[in-house]
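Asker: no sequence on this one, just coordinates:
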């Protein structure tokens, strides 16, 4: 869970959603430990951020699908009638 950004604002400005979620989790965890009276209110937030981190890591680790070499792009010009093959031309 190591991010390249020192602040949450830096991660947000860079558009790095995973680093942003990791920093949010770290900040919530620090508050959770330092302020015991807020623990009941923070459990839900911690769980949501953990789920978001798992989702973003899974997206990061998936490889984009490799296109099937047998599938060719559709070319509509191949199916146009030519002037020579039309009856009465």
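Answerer: Looks like it came in fine. Here the structure is a predicted model, which is why all the values come from computation and not from measurement.
Asker: what is the neighbour count of residue 77?
Answerer: With neighbours defined by other CB atoms under 10 Å, the count for residue 77 comes to 5. Quick note: C-beta positions are derived from backbone N, CA and C, even for glycine.
Asker: who are the contact partners of it?
Answerer: By CB atoms under 8 Å, 6 or more residues apart in numbering, no residues touch residue 77.
Asker: what comes up buried for the helix or strand harbouring residue 41?
Answerer: For residue 41, the enclosing helix or strand under DSSP states H and E is helix 39-61. For helix 39-61, the neighbour count (16 or more other CB atoms under 10 Å) marks 46, 49, 52-53, 56 as buried.
Asker: let's have the residues you listed in TSV, adding pLDDT.
Answerer: Output for the buried residues of helix 39-61, formatted as TSV (pLDDT from 0 to 100):
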residue	pLDDT
46	92
49	95
52	95
53	94
56	93
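Asker: for residue 29, state which of those residues is nearest.
Answerer: For the buried residues of helix 39-61, the closest approach to residue 29 (CB to CB) belongs to residue 46, at 7.0 Å.
Asker: nearest residue to the closest one other than its sequence neighbours?
Answerer: Nearest non-adjacent residue to residue 46, counting by CB to CB, 6 or more residues apart in numbering: residue 28, 5.3 Å away.
Asker: distance of the one you found from residue 20?
Answerer: Here the distance between residue 28 and residue 20 works out to 13 Å (CB to CB, to the nearest Å).
Asker: who's more crowded, these two?
Answerer: Just comparing residue 28 and residue 20: by other CB under 10 Å the higher neighbour count belongs to residue 20, 23 against 18.
Asker: what helix or strand is the more buried one on?
Answerer: Assigned by DSSP H and E, residue 20 falls in helix 17-34.
Asker: angle of that helix against helix 39-61?
Answerer: For helix 17-34 against helix 39-61, the angle between stretch directions is 160 degrees (axes from the mean of the first three to the mean of the last three CA atoms, to 10 degrees).
Asker: please consider this matter closed, and thank you.
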